[in-house]
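A.B. asks: Pasting the sequence and the predicted model now:
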Amino acid sequence: MEIVVSGIRPTGDLHLGNYFGALRNFLKMQHENNCYFFIADYHSLTTHPTPEDLHGNVKRVLVNYLAAGLDPEAACVYIQSDVPQIAELYLLLNMNAYVGELERVASFKEKIRRQPDNVNAGLLTYPTLMAADIIIHRAHKVPVGKDQEQHLEMTRNFVNRFNRMYKVDYFPEPTAYNFGEELIKIPGLDGSTKMSKSDNENSCLYLGDSQEAIRKKLKRAVTDQGPTEPNQPKPQAIENIFNIMKAVSSVDTYNHFSDLYNNCQIRYGDMKAQLAEDVIIFTNPFREKIAELTADTEYLRKVARIGAEKARESASKTVKEVREIIGFKSF
Ligand code: AMP
(Lines give C-alpha, C1' and ligand atoms only; values in the text may rest on other atoms or scores of the structure.)
Protein backbone atom coordinates (compact mmCIF):
# COMPACT_ATOMS: atom_id res chain seq x y z
CA MET A 1 0.00 0.00 0.00
CA GLU A 2 1.37 3.39 -0.97
CA ILE A 3 1.60 6.35 1.33
CA VAL A 4 0.12 9.51 -0.16
CA VAL A 5 0.42 13.06 1.18
CA SER A 6 -1.15 16.26 -0.08
CA GLY A 7 -1.88 19.65 1.42
CA ILE A 8 -3.09 23.17 0.90
CA ARG A 9 -2.34 26.53 2.47
CA PRO A 10 -5.31 28.06 4.29
CA THR A 11 -5.33 31.35 2.46
CA GLY A 12 -9.00 31.24 1.46
CA ASP A 13 -11.44 28.88 -0.17
CA LEU A 14 -10.56 26.10 -2.59
CA HIS A 15 -10.55 27.15 -6.23
CA LEU A 16 -10.82 25.05 -9.37
CA GLY A 17 -7.01 24.92 -9.65
CA ASN A 18 -6.70 23.34 -6.20
CA TYR A 19 -9.47 20.95 -7.06
CA PHE A 20 -8.27 19.73 -10.45
CA GLY A 21 -4.56 20.03 -9.65
CA ALA A 22 -4.47 18.26 -6.33
CA LEU A 23 -7.69 17.36 -4.57
CA ARG A 24 -9.40 15.42 -7.36
CA ASN A 25 -6.43 13.10 -7.64
CA PHE A 26 -6.35 12.64 -3.92
CA LEU A 27 -10.06 11.81 -3.77
CA LYS A 28 -9.52 9.02 -6.26
CA MET A 29 -6.75 7.56 -4.15
CA GLN A 30 -8.12 7.91 -0.65
CA HIS A 31 -9.82 4.52 -0.45
CA GLU A 32 -6.98 2.42 -1.85
CA ASN A 33 -3.96 3.96 -0.14
CA ASN A 34 -2.69 5.18 3.17
CA CYS A 35 -3.59 8.85 2.64
CA TYR A 36 -2.76 11.99 4.61
CA PHE A 37 -4.31 15.31 3.74
CA PHE A 38 -3.33 18.41 5.70
CA ILE A 39 -4.02 22.10 5.99
CA ALA A 40 -0.69 23.90 5.82
CA ASP A 41 -1.22 26.61 8.41
CA TYR A 42 2.50 26.94 9.29
CA HIS A 43 3.14 27.72 5.62
CA SER A 44 0.51 30.43 5.55
CA LEU A 45 2.35 32.44 8.23
CA THR A 46 4.72 33.73 5.52
CA THR A 47 1.93 36.14 4.54
CA HIS A 48 1.40 37.34 8.16
CA PRO A 49 -2.33 36.69 8.62
CA THR A 50 -4.10 38.08 11.68
CA PRO A 51 -4.99 35.42 14.32
CA GLU A 52 -8.67 35.73 13.36
CA ASP A 53 -7.96 35.29 9.65
CA LEU A 54 -5.66 32.36 10.30
CA HIS A 55 -8.25 30.48 12.32
CA GLY A 56 -11.13 31.39 10.00
CA ASN A 57 -9.22 30.28 6.92
CA VAL A 58 -8.24 26.94 8.44
CA LYS A 59 -11.91 26.28 9.14
CA ARG A 60 -12.95 27.34 5.62
CA VAL A 61 -10.39 25.08 3.98
CA LEU A 62 -11.35 22.15 6.17
CA VAL A 63 -15.00 22.65 5.27
CA ASN A 64 -14.11 22.94 1.58
CA TYR A 65 -12.09 19.73 1.67
CA LEU A 66 -14.83 17.76 3.34
CA ALA A 67 -17.50 19.25 1.08
CA ALA A 68 -15.46 18.20 -1.93
CA GLY A 69 -15.56 14.58 -0.84
CA LEU A 70 -12.56 14.02 1.38
CA ASP A 71 -13.54 11.11 3.60
CA PRO A 72 -12.07 11.47 7.11
CA GLU A 73 -12.89 7.82 7.81
CA ALA A 74 -10.61 6.76 4.96
CA ALA A 75 -7.95 9.45 4.87
CA CYS A 76 -6.18 11.14 7.74
CA VAL A 77 -7.25 14.78 7.59
CA TYR A 78 -5.28 17.07 9.87
CA ILE A 79 -4.04 20.55 10.54
CA GLN A 80 -0.28 20.94 10.12
CA SER A 81 0.31 22.87 13.35
CA ASP A 82 -1.39 20.07 15.33
CA VAL A 83 1.66 17.97 14.49
CA PRO A 84 4.72 19.74 15.97
CA GLN A 85 6.95 16.86 14.86
CA ILE A 86 6.78 18.44 11.39
CA ALA A 87 8.48 21.55 12.81
CA GLU A 88 11.24 19.41 14.29
CA LEU A 89 11.86 17.60 11.02
CA TYR A 90 11.87 20.97 9.24
CA LEU A 91 14.60 22.17 11.60
CA LEU A 92 16.67 19.06 10.97
CA LEU A 93 16.26 19.30 7.20
CA ASN A 94 17.25 22.96 7.20
CA MET A 95 20.70 22.00 8.47
CA ASN A 96 21.35 20.21 5.20
CA ALA A 97 19.58 22.64 2.87
CA TYR A 98 21.81 25.20 1.20
CA VAL A 99 20.95 28.87 0.88
CA GLY A 100 22.15 28.84 -2.75
CA GLU A 101 19.73 26.11 -3.83
CA LEU A 102 16.86 27.71 -1.90
CA GLU A 103 17.50 31.09 -3.49
CA ARG A 104 17.32 29.59 -6.96
CA VAL A 105 13.73 28.34 -6.51
CA ALA A 106 11.42 30.01 -9.02
CA SER A 107 8.59 30.65 -6.55
CA PHE A 108 11.03 32.36 -4.14
CA LYS A 109 12.33 34.67 -6.87
CA GLU A 110 8.73 35.44 -7.77
CA LYS A 111 7.93 36.31 -4.13
CA ILE A 112 10.90 38.66 -3.93
CA ARG A 113 9.55 40.44 -6.97
CA ARG A 114 5.98 40.59 -5.69
CA GLN A 115 6.48 41.35 -2.01
CA PRO A 116 9.91 42.98 -1.62
CA ASP A 117 8.92 44.32 1.82
CA ASN A 118 8.32 40.86 3.28
CA VAL A 119 11.07 38.51 2.12
CA ASN A 120 11.13 36.42 5.29
CA ALA A 121 13.16 33.28 6.03
CA GLY A 122 9.96 31.24 5.92
CA LEU A 123 9.63 32.02 2.23
CA LEU A 124 13.22 30.98 1.59
CA THR A 125 12.77 27.71 3.44
CA TYR A 126 9.33 26.93 2.03
CA PRO A 127 10.80 23.92 0.15
CA THR A 128 12.27 22.40 3.33
CA LEU A 129 8.98 22.74 5.18
CA MET A 130 7.20 21.20 2.21
CA ALA A 131 9.75 18.38 2.20
CA ALA A 132 9.13 17.84 5.93
CA ASP A 133 5.36 17.72 5.25
CA ILE A 134 5.87 14.93 2.77
CA ILE A 135 8.57 12.84 4.34
CA ILE A 136 7.15 13.04 7.87
CA HIS A 137 4.93 10.14 6.75
CA ARG A 138 7.61 8.72 4.41
CA ALA A 139 5.26 9.28 1.47
CA HIS A 140 5.65 7.75 -1.98
CA LYS A 141 3.17 9.88 -3.89
CA VAL A 142 2.15 13.50 -3.77
CA PRO A 143 -0.87 14.61 -5.80
CA VAL A 144 0.01 18.19 -6.77
CA GLY A 145 -0.51 20.64 -9.59
CA LYS A 146 2.20 21.52 -12.07
CA ASP A 147 3.21 24.57 -10.02
CA GLN A 148 4.73 22.30 -7.36
CA GLU A 149 6.99 20.30 -9.65
CA GLN A 150 10.18 22.13 -8.67
CA HIS A 151 9.46 21.89 -4.95
CA LEU A 152 8.98 18.18 -5.24
CA GLU A 153 12.24 17.84 -7.09
CA MET A 154 13.89 19.56 -4.13
CA THR A 155 12.20 17.16 -1.73
CA ARG A 156 13.81 14.33 -3.67
CA ASN A 157 17.18 16.09 -3.37
CA PHE A 158 16.78 16.44 0.41
CA VAL A 159 15.72 12.81 0.72
CA ASN A 160 18.67 11.55 -1.30
CA ARG A 161 21.05 13.79 0.59
CA PHE A 162 19.79 12.49 3.93
CA ASN A 163 19.96 8.85 2.87
CA ARG A 164 23.47 9.34 1.45
CA MET A 165 24.77 11.35 4.37
CA TYR A 166 23.70 8.82 6.97
CA LYS A 167 24.21 5.78 4.74
CA VAL A 168 20.61 4.62 5.12
CA ASP A 169 17.74 3.86 2.83
CA TYR A 170 15.23 5.46 5.12
CA PHE A 171 13.14 7.95 3.13
CA PRO A 172 11.52 6.86 -0.15
CA GLU A 173 11.81 9.28 -3.10
CA PRO A 174 8.36 10.85 -3.46
CA THR A 175 6.90 11.48 -6.90
CA ALA A 176 4.33 14.01 -8.08
CA TYR A 177 1.14 12.32 -9.03
CA ASN A 178 -1.69 12.94 -11.41
CA PHE A 179 -4.10 10.42 -12.83
CA GLY A 180 -3.74 11.85 -16.31
CA GLU A 181 -0.27 11.67 -17.78
CA GLU A 182 0.63 15.29 -17.22
CA LEU A 183 0.45 17.44 -14.13
CA ILE A 184 -2.38 19.94 -14.42
CA LYS A 185 -2.34 23.70 -14.22
CA ILE A 186 -5.68 25.51 -14.27
CA PRO A 187 -5.25 29.05 -15.62
CA GLY A 188 -6.69 32.29 -14.24
CA LEU A 189 -9.59 34.35 -15.60
CA ASP A 190 -7.33 37.38 -15.88
CA GLY A 191 -5.14 36.02 -18.67
CA SER A 192 -2.52 34.63 -16.26
CA THR A 193 -1.37 31.05 -16.68
CA LYS A 194 -2.21 29.99 -13.11
CA MET A 195 -5.42 30.38 -11.14
CA SER A 196 -4.03 31.70 -7.86
CA LYS A 197 -5.67 33.40 -4.92
CA SER A 198 -2.45 35.08 -3.86
CA ASP A 199 -2.02 36.69 -7.28
CA ASN A 200 -5.51 37.87 -8.06
CA GLU A 201 -8.70 37.01 -6.19
CA ASN A 202 -10.83 37.75 -9.23
CA SER A 203 -8.91 35.33 -11.38
CA CYS A 204 -10.23 32.46 -9.25
CA LEU A 205 -13.43 30.45 -9.37
CA TYR A 206 -14.03 29.00 -5.90
CA LEU A 207 -15.95 25.82 -5.13
CA GLY A 208 -18.16 27.83 -2.79
CA ASP A 209 -18.75 30.86 -5.04
CA SER A 210 -22.39 31.93 -5.38
CA GLN A 211 -24.04 31.56 -8.77
CA GLU A 212 -24.06 35.33 -9.21
CA ALA A 213 -20.36 35.57 -8.38
CA ILE A 214 -19.52 32.92 -10.98
CA ARG A 215 -21.54 34.67 -13.68
CA LYS A 216 -20.01 38.02 -12.80
CA LYS A 217 -16.43 36.75 -12.77
CA LEU A 218 -16.82 35.00 -16.09
CA LYS A 219 -18.42 38.03 -17.69
CA ARG A 220 -15.30 39.96 -16.72
CA ALA A 221 -12.85 37.23 -17.78
CA VAL A 222 -10.24 38.55 -20.19
CA THR A 223 -10.80 37.88 -23.91
CA ASP A 224 -10.00 39.80 -27.10
CA GLN A 225 -11.57 40.84 -30.41
CA GLY A 226 -11.64 37.27 -31.69
CA PRO A 227 -9.68 35.59 -34.49
CA THR A 228 -9.54 37.21 -37.90
CA GLU A 229 -8.31 34.15 -39.78
CA PRO A 230 -9.38 30.51 -39.47
CA ASN A 231 -7.44 27.94 -37.43
CA GLN A 232 -5.17 30.41 -35.69
CA PRO A 233 -3.36 29.46 -32.46
CA LYS A 234 -5.19 30.86 -29.44
CA PRO A 235 -3.74 33.78 -27.48
CA GLN A 236 -3.06 32.95 -23.79
CA ALA A 237 -6.23 34.49 -22.33
CA ILE A 238 -8.42 32.63 -24.84
CA GLU A 239 -6.54 29.39 -24.33
CA ASN A 240 -7.27 29.85 -20.61
CA ILE A 241 -11.03 30.01 -21.10
CA PHE A 242 -10.89 26.93 -23.31
CA ASN A 243 -8.81 25.07 -20.73
CA ILE A 244 -11.25 25.82 -17.93
CA MET A 245 -14.05 24.70 -20.24
CA LYS A 246 -12.18 21.48 -20.91
CA ALA A 247 -12.12 20.79 -17.17
CA VAL A 248 -15.79 21.46 -16.36
CA SER A 249 -17.89 21.28 -19.55
CA SER A 250 -18.84 18.35 -21.77
CA VAL A 251 -16.66 17.36 -24.71
CA ASP A 252 -19.45 18.40 -27.09
CA THR A 253 -19.61 21.88 -25.61
CA TYR A 254 -15.86 22.25 -25.80
CA ASN A 255 -15.78 21.05 -29.42
CA HIS A 256 -18.65 23.32 -30.37
CA PHE A 257 -16.82 26.48 -29.23
CA SER A 258 -13.53 25.21 -30.56
CA ASP A 259 -15.11 24.84 -34.04
CA LEU A 260 -16.62 28.31 -33.80
CA TYR A 261 -13.19 29.67 -32.90
CA ASN A 262 -11.55 27.92 -35.81
CA ASN A 263 -14.22 29.29 -38.19
CA CYS A 264 -13.85 32.83 -36.79
CA GLN A 265 -17.49 32.77 -35.68
CA ILE A 266 -16.92 32.71 -31.97
CA ARG A 267 -18.70 35.16 -29.67
CA TYR A 268 -16.87 35.16 -26.38
CA GLY A 269 -19.92 36.52 -24.53
CA ASP A 270 -21.81 33.34 -25.47
CA MET A 271 -18.89 31.10 -24.61
CA LYS A 272 -18.39 32.70 -21.20
CA ALA A 273 -22.13 32.54 -20.43
CA GLN A 274 -22.12 28.81 -21.27
CA LEU A 275 -19.01 28.27 -19.19
CA ALA A 276 -20.59 30.11 -16.24
CA GLU A 277 -23.60 27.76 -16.37
CA ASP A 278 -21.32 24.72 -16.55
CA VAL A 279 -19.21 25.93 -13.62
CA ILE A 280 -22.44 26.48 -11.65
CA ILE A 281 -23.62 22.93 -12.37
CA PHE A 282 -20.19 21.59 -11.48
CA THR A 283 -20.00 23.49 -8.19
CA ASN A 284 -23.66 23.08 -7.08
CA PRO A 285 -23.06 20.03 -4.87
CA PHE A 286 -20.02 21.67 -3.23
CA ARG A 287 -21.91 24.87 -2.49
CA GLU A 288 -24.70 23.07 -0.67
CA LYS A 289 -22.34 20.88 1.33
CA ILE A 290 -20.17 23.85 2.31
CA ALA A 291 -23.14 25.64 3.85
CA GLU A 292 -24.15 22.50 5.74
CA LEU A 293 -20.68 21.75 7.14
CA THR A 294 -19.87 25.33 8.10
CA ALA A 295 -22.66 25.17 10.67
CA ASP A 296 -21.47 21.87 12.16
CA THR A 297 -18.56 22.95 14.39
CA GLU A 298 -18.89 19.84 16.53
CA TYR A 299 -18.23 17.57 13.56
CA LEU A 300 -15.28 19.68 12.36
CA ARG A 301 -13.73 19.54 15.82
CA LYS A 302 -14.05 15.77 15.85
CA VAL A 303 -12.50 15.37 12.39
CA ALA A 304 -9.54 17.61 13.34
CA ARG A 305 -8.99 15.79 16.64
CA ILE A 306 -9.03 12.30 15.16
CA GLY A 307 -6.82 13.43 12.25
CA ALA A 308 -4.29 15.06 14.59
CA GLU A 309 -4.01 11.90 16.69
CA LYS A 310 -3.39 9.67 13.70
CA ALA A 311 -0.96 12.08 12.03
CA ARG A 312 1.01 12.54 15.27
CA GLU A 313 1.37 8.81 15.64
CA SER A 314 2.94 8.44 12.19
CA ALA A 315 5.02 11.64 12.59
CA SER A 316 6.39 10.69 16.03
CA LYS A 317 7.58 7.37 14.68
CA THR A 318 9.47 9.08 11.84
CA VAL A 319 11.03 11.74 14.06
CA LYS A 320 12.10 9.14 16.62
CA GLU A 321 13.80 7.08 13.92
CA VAL A 322 15.38 10.13 12.29
CA ARG A 323 16.78 11.24 15.66
CA GLU A 324 18.36 7.85 16.12
CA ILE A 325 19.82 7.88 12.59
CA ILE A 326 21.29 11.36 13.16
CA GLY A 327 22.80 10.32 16.48
CA PHE A 328 20.63 11.94 19.14
CA LYS A 329 20.64 9.42 21.96
CA SER A 330 19.51 9.52 25.55
CA PHE A 331 22.00 8.71 28.31
P1 AMP B 1 -1.85 26.20 -2.67
O2 AMP B 1 -3.13 26.87 -2.99
O3 AMP B 1 -0.69 26.90 -3.29
O4 AMP B 1 -1.67 25.87 -1.24
O5 AMP B 1 -1.87 24.82 -3.46
C6 AMP B 1 -2.57 23.67 -3.03
C7 AMP B 1 -2.53 22.61 -4.09
O8 AMP B 1 -3.28 23.05 -5.24
C9 AMP B 1 -1.13 22.28 -4.62
O10 AMP B 1 -1.04 20.89 -4.81
C11 AMP B 1 -1.05 22.99 -5.94
O12 AMP B 1 -0.23 22.31 -6.86
C13 AMP B 1 -2.49 22.97 -6.41
N14 AMP B 1 -2.78 24.15 -7.25
C15 AMP B 1 -2.85 25.44 -6.83
N16 AMP B 1 -3.18 26.25 -7.88
C17 AMP B 1 -3.29 25.44 -8.97
C18 AMP B 1 -3.63 25.67 -10.34
N19 AMP B 1 -3.92 26.88 -10.81
N20 AMP B 1 -3.67 24.59 -11.18
C21 AMP B 1 -3.40 23.35 -10.71
N22 AMP B 1 -3.07 23.07 -9.43
C23 AMP B 1 -3.03 24.09 -8.56
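C.D. replies: In hand now; what should we look at?
A.B. asks: list the buried ones in stretch 159-174?
C.D. replies: For stretch 159-174, a neighbour-count test (16 or more other CB atoms under 10 Å) marks 159, 162-163, 171-172, 174 as buried. For every residue, glycine as well, the C-beta is placed using N, CA and C.
A.B. asks: Relative to the ligand, which of these is nearest.
C.D. replies: Proximity of the buried residues of stretch 159-174 to the ligand (CB to the nearest ligand atom) peaks at residue 174, which lies at 12.8 Å.
A.B. asks: could you check the distance from that closest one over to residue 205?
C.D. replies: When CB to CB, to the nearest Å is the yardstick, residue 174 and residue 205 sit 29 Å from each other.
A.B. asks: So what touches stretch 72-88?
C.D. replies: 7, 26, 30-31, 35-43, 58, 62, 65-66, 70, 129, 132-133, 136, 303-304, 306-308, 310-312, 314-316, 318-319 (CB atoms under 8 Å, 6 or more residues apart in numbering).
A.B. asks: any idea how far the spatially closest residue to residue 141 that is not a sequence neighbour is from the ligand?
C.D. replies: Computed as CB to CB, 6 or more residues apart in numbering, the closest residue to residue 141 that is not its neighbour in sequence is residue 177, at 4.3 Å. Using CB to the nearest ligand atom, to the nearest Å, one gets 10 Å for the distance from residue 177 to the ligand.
A.B. asks: Run a quick neighbour tally on residue 177.
C.D. replies: 20 (other CB atoms under 10 Å).
A.B. asks: And the strands in the stretch 101-250 of the chain?
C.D. replies: 141-143, 175-177 (DSSP state E, counting those that start in this stretch).
A.B. asks: wait, which of the ones you listed is closest to residue 326?
C.D. replies: strand 141-143 (24.0 Å; CB to CB).
A.B. asks: and residue 329, that one's in a strand?
C.D. replies: No - with the criterion set as DSSP: H, G, I helix; E, B strand; the rest coil, the secondary structure at residue 329 is coil rather than a strand.
A.B. asks: Tell me who's in contact with the closest residue to the ligand within the stretch 101-250 of the chain.
C.D. replies: Closest to the ligand within the stretch 101-250 of the chain is residue 145: 2.1 Å, counting by CB to the nearest ligand atom. Applying CB under 8 Å, 6+ apart, one finds that residue 145 lies in contact with 17-18, 20-22, 183-186.
A.B. asks: Now with 6 Å, please.
C.D. replies: 21-22, 184-185 (CB atoms under 6 Å, 6 or more residues apart in numbering).
A.B. asks: which SS state does residue 35 fall under?
C.D. replies: If you use three-state DSSP, then residue 35 falls in the strand class.
A.B. asks: May I have the phi/psi pair for the closest residue in space to it that isn't next to it in sequence?
C.D. replies: With CB to CB, 6+ apart as the measure, residue 75 is the residue that lies nearest to residue 35, at 3.9 Å, once sequence neighbours are left out. Torsion angles at residue 75 (phi, psi; degrees, to the nearest 10) stand at phi -100, psi 160.
A.B. asks: ok, residue 75 - how many residues close by?
C.D. replies: Under the neighbour criterion other CB under 10 Å, residue 75 is assigned a count of 23.
A.B. asks: Likewise for the one 10 residues further on?
C.D. replies: Applying the criterion other CB under 10 Å, we find 20 residues in the vicinity of residue 85.
A.B. asks: ok, now how distant is it from residue 312?
C.D. replies: Taken as CB to CB, the spacing of residue 85 relative to residue 312 amounts to 7 Å.
A.B. asks: same thing with residue 5?
C.D. replies: From residue 5 over to residue 312 (counting by CB to CB), the distance is 15 Å.
A.B. asks: Which one's more surrounded, the two?
C.D. replies: Set side by side, residue 5 and residue 312 show more neighbours around residue 5, with 25 against 17, by other CB under 10 Å.
A.B. asks: Report the contact partners of that one.
C.D. replies: By CB under 6 Å, 6+ apart, residue 5 lies in contact with 36, 134, 137, 139, 142.
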